[in-house]
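>>> Following is a predicted model, sequence given first.
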Amino acid sequence: MAKLERGEGLEETVIGEVRALAAEGKHGRAQAIGEALRRRPETLTLGRLATRIVAHQRGDLPLAWAQLRGLPSATWARFAAAEHVR
């Protein structure tokens, strides 16, 4: 929330939080964020990106790639480029 208060965008804040949780080994919490966001049409893309990042860090590459399917390359390149090139 502090990042939002400082004016950082919602997408950057969520992706940063998901990355931080996953890095701490809190994959379940990070995954729950992605799943919650995927439930609403207006946050579906963000949820798919979050789920993709967690899946990639867990080594579930089929799920990670599935989350990119249908997303514009500019979207995933902006938020999940590191996972794409690994």
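Thanks, I have the structure now.

>>> And the residue nearest the centre of the chain, which helix or strand is it part of?
By CA atoms, centre = their mean, the chain has its centre lying nearest to Ala50, at 1.6 Å. In this assignment (DSSP states H and E), Ala50 forms part of helix 44-58.

>>> Need the mean per-residue confidence for the following helix or strand past that helix.
Next along the chain after helix 44-58, taking DSSP H and E as the criterion, comes helix 61-68. Across helix 61-68, the average pLDDT comes to 81.

>>> So the spatially closest residue to the residue nearest to the centre of the chain that is not a sequence neighbour versus Leu44, what's the distance?
Distances taken as CB to CB, 6 or more residues apart in numbering place Gly34 nearest to Ala50, at 3.4 Å, with adjacent residues excluded. For every residue, glycine as well, the C-beta is placed using N, CA and C. Separation of Gly34 from Leu44 (CB to CB, to the nearest Å): 10 Å.

>>> just Asp60 next, same as before
Counting by CB to CB - Asp60 and Leu44 are separated by 19 Å.
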